[in-house]
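1. the sequence and its predicted three-dimensional model are supplied below.
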Amino acid sequence: MGLYLVTGIAGFIGSALGRALLAQGHEVVGIDNLSTGFMENVPAGAAFFRGDCGEAASYAGLLPRRPYDAIFHIAGQSSGEVSFDDPLLDLRTNTGSTLHLLRFSLETGCRRMLYASSMSVYGEQPDGAVREDAFCRPTSFYGVGKLASEHYLRIYARYGISSTSLRLFNVYGPGQNMGNMRQGMVSIYMSMLADGVIRVKGRPDRFRDFVYIDDVVRAFLACLDRRESEGRELNIGGSGKVLVKDLLDRLLSLSKTPARIEYAGETPGDLFGICADPALSRHCLGYSPQTDLDAGLAAMYAWHTGRDAG
C-alpha cells in the first residue's frame, strides 16, 4: 500500500480525500494550519501535523521514513473574493506553498504531485464549455496564484516531478464549511435558507458547473493509476452549465420553509459564467461525474439539516 501526504487535510476536500485513501488501505500523513479547516475533520487513522504549507519550518515534521508515493496539494486560500483582501497573503498561501512542496518533494524523493487547481485560472470565457487549451486570463488574485502554481509544476517536471493539476469547478457536498459565507456558492445559498432570505450577489442568469465532492475524490484517485494524466491540467466538472436562478430553484424546492431571494451587489473578480468541457479528463482519467446535481443537493441538504438537528 502507498504512503501519501495530503495538505489541507482538515478542510472539505482534503479530509474527504484522506478518508478515501485510508479506506483503500493506504497510509496517510496530513498537514493543515486549521485557519479554515477543523480538527474534527481530520480522518481517524491519519498522522496529523499542524503547520502552514507556506512556511519552510512546517516541513520538518513531515519528513518520511521512505519517500511519499505522491503528494496531494489541497491546502490553500480558496476564495476569489477573499484574495482581494490581502493579495500577498493569497500568494504566499497558494503559490508559495506550492514552491515549498516542490522543493520538499525533491529533497525527500517524491516524484508525483497532484494539485487542486481551479476553474478560476480561465477568467472570462465565451458562452460555452471551456477546454484546457483555452487562453487563461484570471480575474482574481486567487486565479492568478493558481495559474502560477500550474506553471511552477510544469517547470519542476524538468527535475523529475510528475504532476497533474485538476482544475476544479464549483465543488459542493456534505462536509463543506457552511459557516464560510465567502466561499462555495452552494454552501452559501443553502446556509441562508434557514434565515428565509437568500442574498445573491450578481445576476440570476450567471452560470456555473457544480461538481459533487465524491466525484472530485474519484478524480484525484484516478490520477494515481492513469499515466495519461501526468503533466496535464484537467477540468473536473459535474453538472454542466447551470444558471444561478435554476440552482436557487432547486434549493428552494428542498426547503420546508419558504425563502425569498434578494439580488444586490457583486463579488470582486467574479466570473459571469463558466462550465467545463469534460473531453480531456474523460480521456486521461476515464472521469465522468457519478452524482447528478439534484441527487447531490439532496444529499448535502440532508447532511446539513441533520447536523443542525443533532
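-> Happy to help now that I have it. These figures come from a predicted structure and were not determined experimentally.
2. show me what counts as buried in stretch 79-93.
-> Ser79, Gly80, Glu81, Val82, Ser83, Asp90, Leu91, Arg92, Thr93 (16 or more other Cβ atoms under 10 Å). Yep, even glycine has a C-beta here, placed from its N, CA and C like the rest.
3. what about it, how long is it end to end?
-> 12 Å (Cα to Cα, to the nearest Å).
4. tell me the domain ranges of the chain?
-> 3-172+211-237+275-290, 185-206+241-273+298-309 (automatic domain parsing).
5. state the mean pLDDT of the first one.
-> Averaging pLDDT along domain 3-172+211-237+275-290 yields 96.
6. what is the end-to-end distance of it?
-> Using Cα to Cα, first and last residues of domain 3-172+211-237+275-290 are 27 Å apart.
7. next one: that domain to chain centre, how far?
-> 7 Å (Cα atoms, centre = their mean, to the nearest Å).
8. ok, back up a step: among the buried residues of stretch 79-93, name the ones in helices.
-> Gly80, Glu81, Val82, Ser83, Asp90 (DSSP state H).
9. taking those, tell me the two that lie furthest apart.
-> For these, with distances taken as Cβ to Cβ, the pair at the greatest spread is Glu81 and Asp90 (10.8 Å).
10. just flag the most distant two among the buried residues of stretch 79-93.
-> Maximum distance among those (Cβ to Cβ): 17.8 Å, for Glu81 and Arg92.
11. buried deepest among the domains of the chain, which one?
-> domain 3-172+211-237+275-290 (a mean of 20; mean count of other Cβ atoms under 10 Å).
12. how about the strands of the stretch 101-250 of the chain, start to end?
-> 112-118, 129-130, 162-168, 170-172, 197-200, 207-208, 210-212, 232-236, 242-243 (DSSP state E, counting those that start in this stretch).
13. in JSON lines, list these along with distance to Gly61.
-> Converted to JSON lines, these look like this (distance: least, Cβ to Cβ, whole Å):
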{"stretch": "strand 112-118", "distance to Gly61": "19"}
{"stretch": "strand 129-130", "distance to Gly61": "39"}
{"stretch": "strand 162-168", "distance to Gly61": "23"}
{"stretch": "strand 170-172", "distance to Gly61": "28"}
{"stretch": "strand 197-200", "distance to Gly61": "42"}
{"stretch": "strand 207-208", "distance to Gly61": "38"}
{"stretch": "strand 210-212", "distance to Gly61": "32"}
{"stretch": "strand 232-236", "distance to Gly61": "30"}
{"stretch": "strand 242-243", "distance to Gly61": "42"}
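14. I appreciate the help and will end here.
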